[in-house]
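Colleague: How does the following fold in three dimensions:
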Amino acid sequence: MTMNVQTALANLALPVGTTLDRYIMQRQTAFPYATGELSQLLRDMALASKIINREINRAGLMDITGSAGSGNNVQGETQQKLDVVANIRFIRALKNGGEVCALISEEDEDIIHTGNDNAKYVVAIDPLDGSSNIDVNVSIGTIFSIYRRITPVGSKATLADFLQGGDQQVAAGYILYGSSTILVLTTGEGVSGFTYDNSLGEYILSHPNLRQPRAGQIFSCNDGNEADYPIPVQAYLRQCKQQRLTGRYIGSLVADFHRNLIKGGIYLYPQTARLPEGKLRLLYECYPMAFIAEQAGGRACNGEQRILAIAPTSLHQRSPLFIGSSDMINQLNGMSLNG
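Modeller: Prediction:
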């Protein structure tokens, strides 16, 4: 056997890596209430994301781009066809998986009961973040948050199960559908990223123990709205530009956050006169991203307090969001955001 053949065979036999399933099994003892249900729930989320990944990759070949033609969703935003598809897929996966008694979605006004009243978990989800980017083939994502229910097992889940507060999350994550598909996950023991291998149909651990740099060179916001931002935020953005930081804004929270998580940076979505409470939803956008940020060494606030310390009052509550590298958030807060 020649050396070239030996090398080729050795390369073919290289380890595949740690799959998401294996990672979950290995770390199950670190999960709260580790009895297998949370592990299965995470597998159900991963399965639904694989289906969504397939649909997104076929978007240009099938009639699933553009508006759904059914008006606006509960948020008053235009529903895209893939918004509807993603919502159906995740609801179906969580119902069939049996580990979730109820969920809330950006696309639905009320709590969705799965019929699994003996299940121990509830989920808050944005099935397809940044869906306005679908038609132009720009990265989009899914964001999710998981809680252990506080109502008695066997009963119907209630509003109280979803309004526990961000510090009560037992797991959170997002899936970024981009040049590759990556699932980023925390269960309160750090943050790990898994890249989807289409040939295997598996998520493979690619970013163990993700840590966000303390500072960065990127600021992400909609510059077109700058004149409507609070005066201290305008001052901070001027400072960013004077320091020759790089402005990068995709318009998909998952994509903007992921870039800044890897490279270091800050994402800003302040309140405006038109949206005095902010635009992003607290339960299924701000909370999960803040949980991930803090677990990776970053910070997240609304200009007054930690995002995770905000007391929730409604399912679709909105909030301003400033999230990213800790030094950059500290600098922003030092500019008297409340002034």
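Colleague: Spell out which residues make up each domain of the protein.
Modeller: 17-207, 218-333 (automatic domain parsing).
Colleague: need these in TSV with distance to residue 4, mean neighbour count and mean pLDDT, can you?
Modeller: Where C-beta positions appear, they are placed from N, C-alpha and C, glycine not excepted. Below are these laid out as TSV (distance: least, CB to CB, whole Å; neighbours: other CB atoms under 10 Å; pLDDT from 0 to 100):
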stretch	distance to residue 4	mean neighbour count	mean pLDDT
domain 17-207	24	19	88
domain 218-333	36	20	96
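Colleague: how about the helices of the stretch 1-150 of the chain, start to end?
Modeller: 3-12, 20-27, 37-57, 81-97 (DSSP state H, counting those that start in this stretch).
Colleague: you'd agree residue 185 is up against residue 191?
Modeller: Yes: judged on CB atoms under 8 Å, residue 185 makes contact with residue 191 at a distance of 7.1 Å.
Colleague: mind checking the backbone torsions on the nearest residue to residue 214 once chain neighbours are set aside?
Modeller: Leaving aside its chain neighbours, residue 214 sits nearest to residue 327 (4.8 Å; criterion: CB to CB, 6 or more residues apart in numbering). Residue 327 adopts backbone torsions of phi -70, psi -30, taken as degrees, to the nearest 10.
Colleague: Residue 327 is in contact with residue 265, isn't it?
Modeller: No: applying CB under 8 Å as the test, residue 327 and residue 265 come out as separate, 11.0 Å apart.
Colleague: Enumerate every residue touching residue 223.
Modeller: For residue 223, the contact set (CB atoms under 8 Å, 6 or more residues apart in numbering) comprises 237, 247, 249.
Colleague: Then residue 174?
Modeller: So residue 174 contacts 129, 141-144, 183-184, 254, 257-258, 288-289, 292 (CB under 8 Å, 6+ apart).
Colleague: That one: what secondary structure?
Modeller: Of the three states, residue 174 takes strand under DSSP: H, G, I helix; E, B strand; the rest coil.
Colleague: Show me what it bridges to in the sheet.
Modeller: For residue 174, the beta-bridge partners under DSSP bridges are residue 143, residue 184.
Colleague: gap between it and residue 92?
Modeller: 20 Å (CB to CB, to the nearest Å).
Colleague: In JSON lines, list the helices of the stretch 1-150 of the chain along with distance to residue 309.
Modeller: As requested, the helices of the stretch 1-150 of the chain are exported to JSON lines (distance: least, CB to CB, whole Å):
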{"stretch": "helix 3-12", "distance to residue 309": "50"}
{"stretch": "helix 20-27", "distance to residue 309": "27"}
{"stretch": "helix 37-57", "distance to residue 309": "24"}
{"stretch": "helix 81-97", "distance to residue 309": "28"}
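Colleague: Of those, which is nearest residue 229?
Modeller: helix 81-97 (27.5 Å; CB to CB).
Colleague: how far is that closest one from where the chain is centred?
Modeller: The chain centre lies 16 Å from the centre of helix 81-97; the measure is CA atoms, centre = their mean, to the nearest Å.
Colleague: for that helix, packing partners?
Modeller: Packed against helix 81-97, as judged by 3 or more CB pairs under 8 Å, 6 or more residues apart in numbering; DSSP states H and E, are the following elements: helix 37-57, strand 67-72, strand 100-105, strand 121-129.
Colleague: got the angle for that helix vs strand 121-129?
Modeller: 160 degrees (axes from the mean of the first three to the mean of the last three CA atoms, to 10 degrees).
Colleague: angle of helix 81-97 against helix 37-57?
Modeller: 150 degrees.
Colleague: let's have the chain start at 589 instead
Modeller: Yes, from this point I'll number from 589; that puts the last item at helix 669-685.
Colleague: Of the contacts of residue 762, just say which sits nearest to residue 905.
Modeller: residue 876 (14.1 Å).
Colleague: check contacts around the closest one.
Modeller: With CB under 8 Å, 6+ apart, residue 876 has these contacts: 712, 731-733, 757, 760-762.
Colleague: Make a markdown table out of the residues you listed and add distance to residue 894.
Modeller: Below are the contacts of residue 876 laid out as a markdown table (distance: CB to CB, whole Å):
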| residue | distance to residue 894 |
| --- | --- |
| 712 | 18 |
| 731 | 18 |
| 732 | 20 |
| 733 | 16 |
| 757 | 13 |
| 760 | 15 |
| 761 | 20 |
| 762 | 19 |
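Colleague: Out of these, the closest to residue 686 would be?
Modeller: Nearest member of the contacts of residue 876 to residue 686, counting by CB to CB, is residue 732, at 17.1 Å.
Colleague: The closest one contacts residue 633, correct?
Modeller: Yes: at 6.2 Å, residue 732 counts as touching residue 633 under the criterion of CB under 8 Å.
Colleague: intersection of neighbour lists for these two?
Modeller: What both residue 732 and residue 633 touch, as defined by CB under 8 Å, 6+ apart, is the set 711, 761.
Colleague: how about the strands of the stretch 789-927 of the chain, start to end?
Modeller: 790-795, 806-808, 834-835, 853-857, 868-869, 887-889, 906-907, 909-912 (DSSP state E, counting those that start in this stretch).
Colleague: closest one to residue 686 among the ones you listed?
Modeller: strand 790-795 (21.1 Å).
Colleague: Please export the alpha-carbon coordinates of that closest one; CSV is fine.
Modeller: Extracted C-alpha coordinates of strand 790-795, given in CSV (Å, rounded to 0.1, in the frame of the first residue of the first chain):
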residue,chain,number,x,y,z
GLU,A,790,-26.3,15.5,12.4
TYR,A,791,-25.3,18.5,14.3
ILE,A,792,-21.6,18.2,15.2
LEU,A,793,-19.9,20.1,18.0
SER,A,794,-17.9,22.8,16.3
HIS,A,795,-17.7,25.6,18.9
